[in-house]
Structure formats: C-alpha cells, structure tokens
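Undergrad: generate a structure from the sequence data that follows.
(one chain, ligands or ions: 2)
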Amino acid sequence: MKDARITQASGPEDQADLAARVSARHVRTISRCISRIENGDPSVQPLLNAMSTRSGNAFVVGITGVPGSGKSTLVPALARAWASKGVPVAILAVDPSSPLTGGAILGDRIRDTALGETNIFFRSLGSRGSKGGLARALFDVIEMLDGAGYGLILIETVGTGQSETSITKLAHTTLLLTAPGLGDEVQAMKSGILEVADMVIVNKADADQTGAAATALTLRQSLAEATRAHGLKEGINTDPDGVQTAWHPPVRKISALSGEGVRELVDLINQHRGFLENSRKLLVWRGQSRIERFDEGMRDALFRVFAERNGDMLDTIRRAVAEGSLSPLRAAEEAARAGIREQNSEVSTGGRHETQNDTRT
Ligand SMILES: Nc1nc2c(ncn2[C@@H]2O[C@H](COP(=O)(O)OP(=O)(O)OP(=O)(O)O)[C@@H](O)[C@H]2O)c(=O)[nH]1
Ligand SMILES: [Mg+2]
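TA: Ligands and ions are numbered 1, 2, ... in the order given. This is a model prediction of the structure:
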C-alpha cells in the first residue's frame, strides 16, 4: 500500500518520503524512479531536484566494447572491488546486446555474490525505451544515483552504435574493452571510440596469450596515431614542475574471467580519477554537463510553458506546418517571439503572472 502511494507521490510529504527512500538506497524505489525517468514522467522532477543538491560525489566509469568482449564479466568484478571497500556501486547496462540474456546474465552474476544484495545496484536501460533520449535519461538517472550515495557508477554499453559516444560524455573514465580475435581494433579506429577511450583493455588473455599480446601491440600503435601523442607515456604525464598535464590511454591485458589483472585495472581507474581531480578536469566537466542539462531543461520548460499558455495557437501552427503553408523553423521562431512578446506585455500591463513581482523585488 505504502509503495503505491509513493509511486504516485505528489504532495510535499510524499516527496520528502520518496527522497528519503532513494537516499537510503531502497532498491525497488530507485528502480521505479528510473522507469519514471525513462518514461519522461514529469512528476519525478521534484525528486531529481532534491537529489541534485546532494550529487557531485560519484565517479562514473563507462565500459564499452563489441558484443562478446566480456563487458558483463568485467563489470561485476569491478563492482565487487569497490563494494568490498564499502562503496555502494550502481551498474547501468545500456542496451544489453542480447536482451534475452545480456542484462539477465549480468543481473544473475551479481545476485550470485553475497555483496550484491547490499552494496551493488543493477539496472538495465534501453535506448528505445527512453522517451526524450537516452543521454538525457542517463544524466538524470546518474544524478539521482549520485545523490543517493552511490560512489561508483558503472555503465555497460555496446560499442557499435551511437550509444557509446553519449556514454563518453557522461562517463569520467571511458574504458574500451576488446579481446583477441574479435578484430575490432579497426572498427574501434573507424568509430572514433579509440580517440575518446581513457584506457583500452584487452580481455581474455587467459584463453589466448599470444593473441592478446598482438592485439595490445596493434592497439598501442593505433592509439598513438589516433591521439597523435607519440611522445607521451601511458597514464599520467607531468611537466618539469611536476604538474599533471596529460593522460595518455594505457593498454592493458586482463582476464575478467580468472580475475588476472583486474586489481591492476582498478588501480588504473583510480589513477585516472586522481588525474582528473588533480588537473581539475573533473570539476570543470561536472560544471559543463550540468550546464548542458540546464540548457536542455530550459528548452523543455520554455516549450511546456508556451504550450500551457497557448495550446490553441500551437495547434493552429502545427496544422499549418503539417499542411506545408508554414516552414517549420520559421514557425518555431515566430511562435517563440510571439510567446515572449505576450509575456512582456503581461508584465508591463500588470498582468496576472508572478513575473511582474519577481522582477521588481
Ligand atoms: N576465456 C575467457 N572468456 C571470457 C572472459 N571474459 C568473458 N568471457 C566469455 O566471453 C563471453 C562473452 O562475455 P560477456 O561478458 O557476456 O560479453 P559482453 O561484452 O557483455 O557481451 P554483450 O553483452 O553481448 O555485448 C562469455 O561466454 C564469457 O564467459 C575471459 O576473461 N576469458
Ligand atoms: Mg553484456
């Protein structure tokens, strides 16, 4: 009963209750709120506002790579490394390539571990399902999880479509996973993912040592080409004064299955995080991504306010646009200007809107 009431929360009391449950990392509540974010449900906004005031502490790692490279095997291993140190971890699987097994397998693997029940949250997200775009939904989901106290957020995404490019905008560390024999070095080059990867990890070294070494070598060379950073060493680079100036993507071999090299990978991710913090890139980044979300939110809000006030006019314009008697872009421009003029004249003639008081106090 209580849950049903919370799902439809609208009053201030319910909102506080909802925020408290999310902050207590109540798994079912969080999962339900993610669905509401995916569905573009505006009633989740007060919660997002509340969570946003507490966010800014989570570190976000994106794991991308072609199907079968071992992302779903690596992700739980990484999650456990942080969770075992008491850091609550959230895993988001974006578009698991095999909807039947991808997400489910990962979920099962996590459920198999004792830690999973307390400290690791798992959820899959589909780009098709997100109204208003995956990147936007992901931003809000990350913000909520961050505010709820998840210190590490891992995002698994298949590196074949556009989803991985939106991931690199949201993830602080982008990890490109590959494996010998998949032949995706070339594909990675072409898609441009190599240029935005912060580290390139060759998985399945246990199954094919020689192949893994050869793949790593090719990738090292391709990376130097892609980033035109021939003089840099892998990892953190410093200037003569010891100031950390650049990060050059390291290439490492691991076995997600046996765990070989995973501890070193955890150290590497922490090194990259340290670099982002020391060079203040993380701070700048967080600011920028908040500004981007503000800009998007502003566009949405302006449209919503306009539609609320001028529903009839909007219908008329839409019909004219559909019939071809008005150009869509010109109609948009003129409607926006008409909306602003109307707002201004209301203010100057002492209209009913609060704006008038706001601007004078
Ligand atoms: N030998 C070996 N096999 C591995 C390793 N990591 C993953 N695998 C196997 O590779 C297969 C694919 O692994 P997944 O973790 O499902 O790969 P994925 O990248 O998540 O694949 P999608 O979700 O389909 O994109 C599974 O059969 C794994 O058991 C490894 O380190 N060594
Ligand atoms: Mg997977």
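
Undergrad: buried residues in the one helix or strand R80 maps to?
TA: Assigned by DSSP states H and E, R80 belongs to helix 71-83. By neighbour count with 16 or more other C-beta atoms under 10 Å, helix 71-83 contains the buried residues 71-83. All C-beta atoms are positioned from the backbone trio N, CA, C, and that covers glycine.

Undergrad: residue boundaries of the strands in the stretch 101-250 of the chain?
TA: 120-125, 152-158, 173-178, 199-202, 235-238, 244-248 (DSSP state E, counting those that start in this stretch).

Undergrad: do you know which of those strands lies nearest F303?
TA: strand 120-125 (24.5 Å; C-beta to C-beta).

Undergrad: does that closest one reach ligand 1?
TA: No. Strand 120-125 does not reach ligand 1 (C-beta under 6 Å from any ligand atom); its nearest approach is 10.2 Å.

Undergrad: give the partner strands of that strand in its sheet and their orientations.
TA: Each strand paired with strand 120-125, and its direction, by DSSP bridges: strand 89-94 (parallel).

Undergrad: and the biggest helix by length in the chain, what other elements does it pack with?
TA: Ranked by number of residues, the top helix in the chain under DSSP state H is helix 281-309. In terms of contacts (3 or more C-beta pairs under 8 Å, 6 or more residues apart in numbering; DSSP states H and E), helix 281-309 is packed against helix 134-147, helix 262-278, helix 328-348.

Undergrad: show me where the stretch 151-300 of the chain dips below the pLDDT cut-off.
TA: 159-166, 183-191, 227-230 (pLDDT under 70).

Undergrad: 80 instead, please
TA: 158-168, 182-195, 224-231 (pLDDT under 80).

Undergrad: near ligand 1, which residues of it?
TA: 158, 203-204, 206-207, 255-257.

Undergrad: now those: which count as buried?
TA: Using 16+ other C-beta under 10 Å, the buried members of those are 158, 203-204, 206, 255-257.

Undergrad: turn the residues you listed into CSV, including distance to N278.
TA: Output for those, formatted as CSV (distance: C-beta to C-beta, whole Å):
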residue, distance to N278
V158, 32
N203, 29
K204, 33
D206, 34
S255, 31
A256, 29
L257, 34
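
Undergrad: most widely separated two among these?
TA: Every pair of those checked by C-beta to C-beta; the farthest is V158 and D206, at 22.9 Å.
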